[in-house]
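Chemist: Got a sequence here, can you model it:
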Amino acid sequence: MELNNDNYSAHISAQFNEELELIRTQLLTMGGMVERQVHDCVDALLNGDIELAEASQKVDKQTNEMELMIDEQCTTIIARRQPAASDLRLIIAVSKATTNLERMGDEASRICRHAIDLVEEGESPRGYQEVRHIGHLIQEMVKDVLTAFARNDTELAYRVAKMDKSVDQEYSSAMRSLATYMMEDPRSISSVMNVIWVLRSLERIGDHARAMAEHLIYLVSGTDVRHSSLKQIKKTVAEEK
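Modeler: Have a look, this model is predicted:
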């Protein structure tokens, strides 16, 4: 029987597209889990909710498993399909973004641990306002970068990168304020240090969200904007339009 090469090629192409769409969907599913974990860890801290903190910590195992699964699928696609151009960029972007999400989950788990310590020690006299404010910014960054991936929206990705600068400024200001407070009241050092580590984890989550935004811009534009200034990233996004 003679094989119809056109039909065969179309079949293979359709399968390939399904595989690419699957890893993209799985990335967004994992992103939803991490987004919820970040929300819950901040909520658990602010409300002194040990049960929520412990439940949020358990999600970390699921995100670790998803990272391994997505990475394996990316490797398999590269080996079997030998993708090029935008298809290869998608696989690379998904693989790197998955790593960022897993690390966000690790930081959220650390926040939960400090939240539990704070409840057991007695709440910190300072720092909760800073956690609430920076936590809100971080949650917005995570939500927006996932939306950017879902829509291939480079402008939204740029806004996420820009927001990271605001988070860094707020973080630096909070560190100065809390350091001053500990010098004035050494008895507060233990509890305030827990808050400082929480803020550090939140700042790192922001860094990972920015990295994801940069991966999305690379995926869409083909330009690697890592280590680029906001001005350079904005120019790349404008040129892509």
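Chemist: centre of the chain versus the helix with the most length in the chain, how much separation?
Modeler: In terms of residue count, the longest helix belonging to the chain (DSSP state H) is helix 5-47. In terms of CA atoms, centre = their mean, to the nearest Å, the gap separating the centre of helix 5-47 from the centre of its chain is 14 Å.
Chemist: before we move on, what about stretch 216-236?
Modeler: On CA atoms, centre = their mean, the centre of stretch 216-236 falls 17 Å from the chain's centre.
Chemist: residues of that stretch that come out buried?
Modeler: Of the residues in stretch 216-236, those buried by neighbour count under the rule 16 or more other CB atoms under 10 Å are 216, 217, 218, 219, 220, 221, 223, 225, 228, 233, 234, 236. Using the backbone N, CA and C atoms, a C-beta is placed for each residue, glycine as well.
Chemist: what does stretch 90-98 give?
Modeler: Applying a neighbour-count criterion of 16+ other CB under 10 Å, one finds 90, 91, 92, 93, 94, 95, 96, 97, 98 buried in stretch 90-98.
Chemist: circling back to that earlier point, go through the buried residues of stretch 216-236 and name the one nearest residue 42.
Modeler: Residue 42 lies nearest to residue 216 out of the buried residues of stretch 216-236, by CB to CB, at 24.1 Å.
Chemist: in what helix or strand does the closest residue to the closest one other than its chain neighbours lie?
Modeler: Nearest residue to residue 216 in three dimensions, chain neighbours excluded: residue 157, at 4.5 Å (CB to CB, 6 or more residues apart in numbering). Using DSSP states H and E, residue 157 falls within helix 154-184.
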